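> just the structure for this:
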Amino acid sequence: MVKKLKVKNNITEYNLKMFREFKRSLKHVIFDESLTLYILRPIAFIFVKLIYKTSITPNQVSLMTIITGLISGFIFSKGTATCFIIAGSLHFLCMVLDCVDGMIARLKKSGSAVGRIIDGFADYSVGVAVFIGYGIGLSNAGYQLPFSFSISHWTLLAISAVSWIFHSMIVDYYRVEFMAHGLGKIKSTWEEKKHFTEELEKIKHNKGKLFEKILIALYLGYSHIQLFQLEKKEVYDRKTYYQKNKILIHLWFWIGPTPQAFVMIISAILFRPIIFFLYIIVLANIWMIVLWIIQIKVNKKILIKE
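I've put the predicted structure just below:
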């Protein structure tokens, strides 16, 4: 009896240790969409434990993510139902690996600004590979849209890709703004743009940092699009911003990159692309427009005028 109790206590202690380590590997919960936090990260933590004590770096994991994404896109291009299931599963693996790099960086305290940009670059590389492969696969499968009017699936894919990018950018923007203005955890998009502008100025004459220059320049272009008409830094009362935006930020997450990818994966496994097209072109865009109108009105009311 004593032995069983000791074993039970050891198991409980081990589980608590794993849970604490898992929590240390996470970002602030506001950074993560619900599907990421409750599905992807627990699975990713298994990979983290497997490679944590190896010499594999977070940037190398990001490279693995890109390679897996390219393979997924290639298999999508084959166009069979079986290949769509395999490619969809690999796309899911990409999403898991995309969590692994950041979790390792946080546990090892080895994160960097450039590492975050590389992680973002991996996301877009995988997205491009998967979209192109998805489209070629539908062509090779002779896919016909279930509509009475004639429209190419390539046209719908192009609209879907633009929608995906725009949804991801606006969700990322408001997530950063919430963390900055509502929680004071990070710099706002405006401040981050200023920081990387100064960083680029420091290294622009350094011939040995071409890759970093390119990545920072791409990020600055990305943040410039996000800020579009914003001419100066916005100032809010932190408590007020948090109270007015805590529900909105969670509503934004339902058209973020993770739900979009989940719907694409489900549509691939079921071999029903129309599910993905209806979600991202119709439902997600209506959701975005309505939420954007509400968000602008809310922030306009609580903006502190200087």
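
> when you work out contacts or count neighbours from here on, use the C-alpha atoms and nothing else.
Fine.

> ok, then the element right after the host helix or strand of Phe131?
Using DSSP states H and E, Phe131 sits in helix 113-140. Using DSSP H and E, the helix or strand that follows helix 113-140 in sequence is helix 153-177.

> now that next one against helix 113-140, angle please.
Orientation of helix 153-177 against helix 113-140 (axes from the mean of the first three to the mean of the last three CA atoms, to 10 degrees) gives an angle of 160 degrees.

> just the buried residues of helix 153-177, please?
153-154, 156-157, 160-161, 163-164, 166-177 (16 or more other CA atoms under 10 Å).

> excluding chain neighbours, what is closest to the residue nearest in space to the middle of the chain?
Taking CA atoms, centre = their mean, the centroid of the chain lies closest to Pro257, which sits 5.0 Å from it. Among residues not flanking Pro257 along the chain, Ser168 sits closest, at 5.5 Å (CA to CA, 6 or more residues apart in numbering).

> what helices or strands is the helix holding Phe131 leaning on?
On a contact count with 3 or more CA pairs under 8 Å, 6 or more residues apart in numbering; DSSP states H and E, helix 113-140 meets helix 58-76, helix 81-108, helix 153-177, helix 210-227.

> for Trp164, give me its contacts.
Pro257, Gln260, Ile280 (CA atoms under 8 Å, 6 or more residues apart in numbering).

> relative to Ile86, how far out is the last one?
Counting by CA to CA, to the nearest Å, the gap from Ile280 to Ile86 is 22 Å.

> quick check: mean pLDDT of the helix holding Phe131?
When pLDDT is averaged along helix 113-140, the result is 84.

> got the angle for that helix vs helix 58-76?
Going by the same axes, to 10 degrees, helix 113-140 makes 10 degrees with helix 58-76.

> and Leu303, what are its phi and psi?
Dihedral pair for Leu303: phi -70, psi 130, per degrees, to the nearest 10.

> quick one, what contacts the closest residue to it other than its chain neighbours?
Among residues not flanking Leu303 along the chain, Tyr236 sits closest, at 5.3 Å (CA to CA, 6+ apart). Contacts for Tyr236 were tallied using CA under 8 Å, 6+ apart; they are His181, Ile302, Leu303, Ile304.

> on that earlier part again, ok, the contacts of Trp164 vs Gly135, which is closest?
Nearest to Gly135, judged by CA to CA, of the contacts of Trp164 is Ile280 at 15.4 Å.

> any idea how far Gln144 is from the closest residue to that closest one other than its chain neighbours?
Spatial nearest neighbour of Ile280, excluding adjacent residues (CA to CA, 6+ apart): Ser160 at 6.1 Å. Distance of Ser160 to Gln144, given as CA to CA: 17 Å.

> now do Gly73
Distance, Gly73 to Gln144, using CA to CA: 20 Å.

> between these two, which has more neighbouring residues?
Gly73 (28 against 13; other CA atoms under 10 Å).

> confidence score at the more buried one?
The predicted structure scores Gly73 at 96 on the pLDDT scale.

> pretty sure it contacts Ile136?
No - if you go by CA atoms under 8 Å, Gly73 and Ile136 don't touch, sitting 9.2 Å apart.

> low-confidence regions, the stretch 151-300 of the chain specifically.
Within the stretch 151-300 of the chain, the stretches with pLDDT under 70 are 185-233.

> got a list of what Ile247 touches?
If you count contacts by CA under 8 Å, 6+ apart, then Ile247 has nothing around it.

> what about Ile280 and Ile86, which has more around it?
Set Ile280 next to Ile86 and count neighbours by other CA under 10 Å: Ile280 wins out with 26 against 18.

> skipping adjacent residues, who's closest to Phe74 in space?
In space, not counting the residues next to it along the chain, Phe74 is nearest to Gly133; the distance is 5.7 Å by CA to CA, 6+ apart.

> how near is Met95 to Gln260?
Taking CA to CA, one finds Met95 at 12 Å from Gln260.

> and for Ile117?
When Ile117 is compared with Gln260 (using CA to CA), they lie 21 Å apart.

> of the two, who's got more company?
Gln260 (19 against 16).

> which residues touch the host helix or strand of the more buried one?
Counting by DSSP H and E, the element that carries Gln260 is helix 257-270. Contact with helix 257-270 is made by 33, 35-36, 81, 84-89, 91-92, 95, 164, 167-168, 253, 273-276, 279-280, as judged by CA under 8 Å, 6+ apart.

> no further questions, thank you.
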